[in-house]
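Visitor: Kindly return the folded structure for what I paste below:
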Amino acid sequence: MSTAVMWLLLFVVVALGILIAALSKTKFTTKKIATIGIMAALSFVAYEFFRIPNVLGTGSSFHLGNTFTALTALMLDGVSGGLAGAIGLALADIMAGDPGYAITTFILKFIIGIVCGVFAHKVFKLQDLSTADGVKYYVAVIGSAFSGLLVNVFTDPFLGYFRNRYIFGQEADLASTVAKITSGVTLINSLLSTVCAVVLFLALVPALRKANLLPAADKPE
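Guide: Model (predicted):
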């Protein structure tokens, strides 16, 4: 597939992401937009400087970039988390000259954010909990963070197979082998990112709320 077509597909994917954000009626305050930007930058840094690239020649990497997708979803909402991870990590792919990877990266990170957000704010009602709730609070934080990252263990190799097969033109057997290796790499990434997201959330959120940097108006309803 030509580079021009890859860029066109990436544009379509980004446009769909923005459309989903609009349809979800997510409220984007100045503070929330700034937070998304910071988290996107942290995602980029975590991927670029804390990773082991191209594991076994598959193009997959061990990295901590997904940490900030989950963290943003827990702190704000799923759409914000998805945008933070999608922007930061797709940008990393673009900077590396890989618009083909950026297409699936944007989709995958958006999915992580949405799933984490749904579990955090719809299932566990994390916005209504605090450390005073004891075990219930910690279960909600861990379960919410791991939910989207667990889904990524399956969606990453699945979408990766079709990307490698139809965008990069790999043979079916090779694309299948790469997908199997990717699933293992993604599982390790997900476990590490879950731990990091949980630790950062527990450390940062109480202080941010106390400093009025996460006011009730910015928390999911």
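
Visitor: only C-alpha atoms for contact and neighbour calcs from this point on.
Guide: Fine.

Visitor: hmm, which helix or strand of this structure has the shakiest average pLDDT?
Guide: Within the chain, no helix or strand scores below helix 3-23, which has a mean of 69 by mean pLDDT, DSSP states H and E.

Visitor: So which residues make contact with the following helix or strand past that one?
Guide: Remark: after helix 3-23, the chain's next helix or strand is helix 30-49, criterion DSSP states H and E. The set of residues external to helix 30-49 that reach it, using C-alpha atoms under 8 Å, 6 or more residues apart in numbering, is 63-69, 72, 76, 80-81, 83-89, 91-92, 218.

Visitor: and those, which of them are in helices?
Guide: 67-69, 72, 80-81, 83-89, 91-92 (DSSP state H).

Visitor: Of those residues, just say which sits nearest to Leu187.
Guide: For these, the minimum distance to Leu187 (C-alpha to C-alpha) is 13.2 Å, reached by Thr67.

Visitor: just checking, what packs against the biggest helix by length in the chain?
Guide: Of all segments of type helix in the chain, defined using DSSP H, the longest is helix 172-210. In terms of contacts (3 or more C-alpha pairs under 8 Å, 6 or more residues apart in numbering; DSSP states H and E), helix 172-210 is packed against strand 62-63, helix 67-75, helix 135-162.

Visitor: centre of the chain versus it, how much separation?
Guide: 9 Å (C-alpha atoms, centre = their mean, to the nearest Å).

Visitor: what does stretch 127-141 give?
Guide: Distance, centroid of stretch 127-141 to centroid of chain: 22 Å (C-alpha atoms, centre = their mean).

Visitor: what about that stretch, how long is it end to end?
Guide: For stretch 127-141, the first and last residues are 10 Å from each other (C-alpha to C-alpha, to the nearest Å).

Visitor: Touching that stretch from outside, list them.
Guide: By C-alpha under 8 Å, 6+ apart, the list of residues contacting stretch 127-141 from outside reads Leu74, Ala120, His121, Phe124, Lys125, Leu126, Val198, Phe201, Lys219, Pro220.

Visitor: Please identify the deepest-packed of the helices and strands packed on helix 172-210.
Guide: helix 67-75 (a mean of 32; mean count of other C-alpha atoms under 10 Å).

Visitor: and the angle for that helix with helix 172-210?
Guide: 50 degrees (axes from the mean of the first three to the mean of the last three C-alpha atoms, to 10 degrees).

Visitor: Report the distance from helix 67-75 to the chain centre.
Guide: Taking mean C-alpha positions (C-alpha atoms, centre = their mean), helix 67-75 and its chain are 8 Å apart.

Visitor: what does it contact?
Guide: So helix 67-75 is contacted by 36, 39-40, 42-43, 78-86, 109, 112-114, 116-117, 120-121, 126, 141, 144-145, 148-149, 193-194, 196-198, 200-201, 205, 214, 219 (C-alpha under 8 Å, 6+ apart).

Visitor: Of those residues, just the buried ones, ChimeraX syntax please.
Guide: The buried subset of the contacts of helix 67-75, as determined by 16 or more other C-alpha atoms under 10 Å, is captured in ChimeraX by this line:
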select :36,39,40,42,43,78,79,80,81,82,83,84,85,86,109,112,113,114,116,117,120,121,126,141,144,145,148,149,193,194,196,197,198,201,205,214,219
